[in-house]
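Enquirer: sequence and predicted structure are below.
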Number of protein chains: 2
Amino acid sequence: MLETLGYIAGILTTVAFVPQVMQIYRTKSAKDVSLAMFLLFTVGVALWLAYGLMTHSFPVIAANTVTLMLSFVILYFKWKYSKTSNT
Amino acid sequence: MLETLGYIAGILTTVAFVPQVMQIYRTKSAKDVSLAMFLLFTVGVALWLAYGLMTHSFPVIAANTVTLMLSFVILYFKWKYSKTSNT
């Protein structure tokens, strides 16, 4: 029960980034998405991944691997679309 | 050492939302911020908080209480500014 709660929480905070990636891809605009937020967040997620690897925690590794990839995509979009917009 | 890594990771993925809140407040625009992302994320963080309370984990409780508040502020901004922009 408790473990299931943790898994559901982890899945939600991980897949949450999918609609953000999709929205930026669709609108080609990431002006209102904070670069500082995603820089701090990406470093934090990378440290969570290191923590998961060092503690051999599969759920922490899995969730943070996916979130890290999605964060990188958002950072890439932010960089890509800020060159062509009035950010 | 390992515990410190977890704390630094938690602090980064928590404070990351502060610049996002500040940016929306400054620009009065949250058009590119995905509503679906923050809805899913907020529910996920609320479940993480419940998980922390049930497992009596202070770091999980602390990090997710702060993140939950920041997520609510972002959702409020998204709602507030979407009424006056062409979202």
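Expert: Structure received.

Enquirer: does the longest helix anywhere in chain A come close to chain B?
Expert: Counting residues, the longest helix found in chain A (DSSP state H) is helix A:58-82. No: using Cβ under 8 Å from any Cβ of the partner chain, we find that helix A:58-82 stays clear of chain B, coming within 8.8 Å at best. Just so you know, the C-beta spots here come from the backbone N, C-alpha and C atoms, and that holds for glycine as well.

Enquirer: can you pull the buried residues of that helix?
Expert: Using 16 or more other Cβ atoms under 10 Å in any protein chain shown as the burial criterion, the residues of helix A:58-82 that qualify are A:60-68, A:70-71, A:73-75, A:77-78, A:81.

Enquirer: just stretch A:10-18 next, same as before
Expert: Here stretch A:10-18 shows A:10, A:11, A:12, A:13, A:14, A:15, A:16, A:17, A:18 as buried, counting by 16+ other Cβ under 10 Å.

Enquirer: in three-state terms, how would the second one be classified?
Expert: Reducing the assignment to helix, strand or coil with DSSP: H, G, I helix; E, B strand; the rest coil, the entry for residue A:11 is helix.

Enquirer: so how far is chain B from it?
Expert: According to Cβ to the nearest Cβ, to the nearest Å, residue A:11 and chain B sit 8 Å apart.

Enquirer: dump the residue contacts of that residue.
Expert: Contact analysis of residue A:11 by Cβ atoms under 8 Å, 6 or more residues apart in numbering or on different chains lists A:63, B:44.

Enquirer: ok, it to residue B:65 distance?
Expert: To residue B:65, residue A:11 is 21 Å away according to Cβ to Cβ, to the nearest Å.

Enquirer: that's all I had, so thanks and see you.
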